[in-house]
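Novice: Output the structure for:
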Amino acid sequence: MQDTFHGVIAFALLAGLLVIGSVLRNRIHLFRNMLIPSSIIGGLIGFSLLSLGWIPGYQSSDFTALTFHFFTLSFMSLCLTGTSRQASLSGGSIMRGGMWLTIIWTISLGLQGVLGYLVILGYDAMTGAGVSEWLGAIVTHGFTQGPGQALTYGGLWEGEYGIEHAAQVGLIFASVGFLVAFAVGVPMAKRFINSGLNANKASQLDDNFRSGFYPADDSPVAGRMVSHPASLDSLAYHLGLLAVAYVITHIWLVFMQGVVAGAEPGGINLDVLFSHNLFFLHGLGVCVLMRLIIDRLGMSHRIDDESLKRITGSSVDFMVVGTLMSIQFSVLYALLAPIVLVAISVTVATLIICLFIGRLSGKLGHERALTSFGCCCGSTGSGLLLLRMMDADFSTSVPKELAFFNLAIILSTFHILFIFAPLVPSLGGWGYFAVFGGTALLFVAVIPLMLFWRPSTSAGTVATKGVTS
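Specialist: Coordinates of the predicted model:
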């Protein structure tokens with residue numbers, strides 16, 4: 001049985017580092033004031049220990065698979081979650097607010113990739129280093145999308161097109177993105193609050209928020225029991241629902257791999273599109289369909305959305321720790337200069353986009369700008385955590401707009417996520433600019449239309465299927 005413990009202990013290390021990170025966040029004054037998430041503290045400790053060789057028998061590659069699967073679980077549980085509660089502080093139509101968030105994210109996805117490509121191109125021209133431009137392009141999958149997509153697409157670029165270190169560099173960018181989201185986002189949130197720019201005036205950075213723990217007599221209740229524990233524990237029940245979706249997705253991919261084997265219509269390698277590396281995309285679709293069927297059958301009372309949100313949040317925490325521990329120090333050291341240049345350029349551009357378009361979005365514009373910055377540098381989870389600083393009890397309509405956004409971005413970037421992203425190195429430079437840059441420009445052109453769109457008030461009260469993890 002000893003051979004079975006390697007992966008289990010790797011998971012235990014992630015969990016233990018989360019606990020250590022939470023204790024340090026609670027005890028160290030600097031960490032409390034900086035509001036650094038426990039997952040980042042734990043992940044940085046794990047990365048340091050692995051880099052120094054102080055975890056015998058383990059290396060960064062041992063945590064890559066765990067990172068991928070926790071990312072997949074976070075997305076699938078996100079899409080299995082139902083309608084969030086109504087907001088009391090509205091910024092107008094939920095759909096219109098969600099479209100503003102979608103526009104920012106979609107522009108960021110295209111612009112970050114093009115900017116990363118151009119920075120590496122310029123770096124090579126000045127230094128003659130010969131770094132692949134695609135290592136700059138993958139920044140958008142690390143920043144705007146997160147570690148799961150960076151690992152997914154980076155792995156495909158390595159395996160299918162020989163782009164060396166693409167997955168590792170993607171993970172590095174994802175890690176830097178999380179750090180940037182909080183290093184820039186937290187001071188920005190504090191500035192908005194101190195200037196009175198937040199709509200929810202009840203929001204404040206209280207002691208619970210800073211310490212990372214609730215007191216014994218004031219801890220919130222999260223979730224309700226759906227199944228009777230004498231039959232099945234409710235948490236096991238919800239994990240079982242996700243397990244069903246996981247199995248269905250696996251069967252679907254295996255079936256389609258047999259159907260499309262060797263098929264390349266229009267030069268598109270369909271084997272890549274149905275690879276298990278894209279499990280999260282197909283799993284997302286499966287979970288959306290499962291939720292629709294459950295709701296149609298009137299069985300939504302058999303799912304506790306708060307329990308699913310806790311699974312999503314826990315998966316994100318594990319994913320962040322795993323992402324940082326999956327970084328190979330040798331790759332980071334060898335490519336440090338171009339990585340830093342790309343990260344700085346992308347951060348500045350993303351911040352400008354979020355602040356400018358957020359301001360144009362009208363009421364709750366500051367909340368949208370902050371949330372978008374978190375989403376475009378980390379994940380939906382980091383965007384929501386930053387939003388919580390300005391809207392502690394989620395009484396504005398922005399969390400519900402974020403629910404709409406989670407599904408809208410799939411439609412706005414469907415051609416990139418499902419078709420072009422896995423095939424990026426085969427596009428060539430101009431083809432890449434046409435797809436990613438063209439998408440960004442198209443949504444820039446949508447902004448004037450949004451300024452004149454004034455939907456009826458009732459549109460904002462329509463229940464939107466989605467999640468707020």
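
Novice: Point out where the stretch 351-469 of the chain drops to low pLDDT.
Specialist: 392-394, 403, 454-469 (pLDDT under 70).

Novice: which residues sit against the stretch of helix or strand L386 belongs to?
Specialist: Under the criterion of DSSP states H and E, L386 resides in helix 380-390. With contacts defined as CB atoms under 8 Å, 6 or more residues apart in numbering, helix 380-390 is touched by 35, 37, 74, 78, 178, 181-182, 185-186, 189-190, 192-193, 198-200, 203, 205, 209, 312-313, 316, 366-367, 370-376, 394, 398-399, 402, 406, 468-469. For the C-beta atoms, the positions are set from N, CA and C on the backbone; glycine is no exception.

Novice: again, 6 Å this time
Specialist: 181, 185, 189, 198, 203, 316, 367, 370-371, 374-375, 398, 469 (CB atoms under 6 Å, 6 or more residues apart in numbering).

Novice: so what secondary structure elements neighbour the strand or helix carrying G429?
Specialist: Take DSSP H and E as the rule and G429 turns out to sit in helix 424-432. Helices and strands touching helix 424-432, as assessed by 3 or more CB pairs under 6 Å, 6 or more residues apart in numbering; DSSP states H and E, are absent.

Novice: Pull out the buried residues from it.
Specialist: V424, P425, S426, L427, Y432 (16 or more other CB atoms under 10 Å).

Novice: Can you mark which positions in the helix or strand just after it are buried?
Specialist: Where DSSP H and E defines the elements, the next helix or strand beyond helix 424-432 is helix 438-452. Neighbour counts over helix 438-452 (16+ other CB under 10 Å) mark T439, A440, F443, V444, V446, I447, M450 as buried.

Novice: Contacts only, for the residue nearest the centre of the chain.
Specialist: Centroid-nearest residue in the chain: S379, 2.6 Å away (criterion: CA atoms, centre = their mean). Listed by CB under 6 Å, 6+ apart, the contact partners of S379 are G146.

Novice: let's see 8 Å
Specialist: Per CB under 8 Å, 6+ apart, neighbours of S379: S74, G146, F178, V316.

Novice: Stretch 431-444 spans what distance, first to last residue?
Specialist: 19 Å (CA to CA, to the nearest Å).

Novice: Residues in contact with it: which ones?
Specialist: 103, 106-111, 113-114, 117, 137, 140, 412-413, 415-416, 420, 424, 427.

Novice: rerun at 10 Å
Specialist: Stretch 431-444 has contacts (CB atoms under 10 Å, 6 or more residues apart in numbering) with 99, 102-118, 133-134, 137, 140, 353, 357, 412-413, 415-416, 419-421, 423-428, 430, 450.

Novice: For T396, give me the backbone phi and psi.
Specialist: Here is the backbone geometry of T396 (degrees, to the nearest 10): phi -80, psi 170.

Novice: Okay, and the beta partners of it?
Specialist: Note on T396: beta-bridge partners by DSSP bridges are L89.

Novice: number of nearby residues for it?
Specialist: 25 (other CB atoms under 10 Å).

Novice: just checking, it touches K363?
Specialist: Yes - T396 is within contact range of K363, at 9.4 Å (criterion: CB atoms under 10 Å).

Novice: which residues touch G378?
Specialist: 37, 40, 142-147, 174-182, 185, 316, 320, 385-386.

Novice: and it, backbone torsions?
Specialist: phi -140, psi -90.

Novice: Is the residue nearest to it when sequence neighbours are not counted within a helix or a strand, and which one?
Specialist: Nearest residue to G378, sequence neighbours excluded (CB to CB, 6 or more residues apart in numbering): A181, at 3.8 Å. For A181, the enclosing helix or strand under DSSP H and E is helix 166-194.

Novice: Centre of the chain to the helix or strand just after that helix, how far?
Specialist: Following helix 166-194 in sequence order, the next helix or strand is helix 207-211 (DSSP H and E). Taking CA atoms, centre = their mean, to the nearest Å, one finds the center of helix 207-211 at 24 Å from the center of the full chain.

Novice: Please list all residues in contact with the nearest residue to Q59 once chain neighbours are set aside.
Specialist: Leaving aside its sequence neighbours, Q59 sits nearest to L50 (CB to CB, 6+ apart; 6.5 Å). Applying CB under 10 Å, 6+ apart, one finds that L50 lies in contact with L13, Y58, Q59, S60, D62, F63, L324, M325, S326, I327, Q328, F329.

Novice: From F433, how far off is the second one?
Specialist: Think Y58. 41 Å (CB to CB, to the nearest Å).

Novice: what number of residues lie near L179?
Specialist: If you count neighbours by other CB under 10 Å, L179 ends up with 18.

Novice: What sits closest to it if chain neighbours are left out?
Specialist: I40 is the one closest to L179 (CB to CB, 6+ apart), at 6.7 Å.

Novice: Would you mind confirming that the one you found is in contact with V320?
Specialist: Yes - between I40 and V320 there is a contact at 6.2 Å, judged by CB under 10 Å.

Novice: okay, and the common contacts of those two?
Specialist: G21, S175, F178, G378, S382.

Novice: Max pairwise distance over those residues: which two?
Specialist: G21 and G378 (16.2 Å; CB to CB).

Novice: residues touching the residue nearest to L179, list them.
Specialist: Counting by CB under 10 Å, 6+ apart, the residues that I40 touches are 21, 25, 31, 175, 178-179, 181-183, 317, 320-321, 323-324, 378, 382.

Novice: The nearest residue to V446 once chain neighbours are set aside is in what secondary structure piece?
Specialist: In this structure, V446 finds its nearest non-sequential neighbour in I103, 6.0 Å apart by CB to CB, 6+ apart. In this structure, I103 sits in helix 94-127 according to DSSP H and E.
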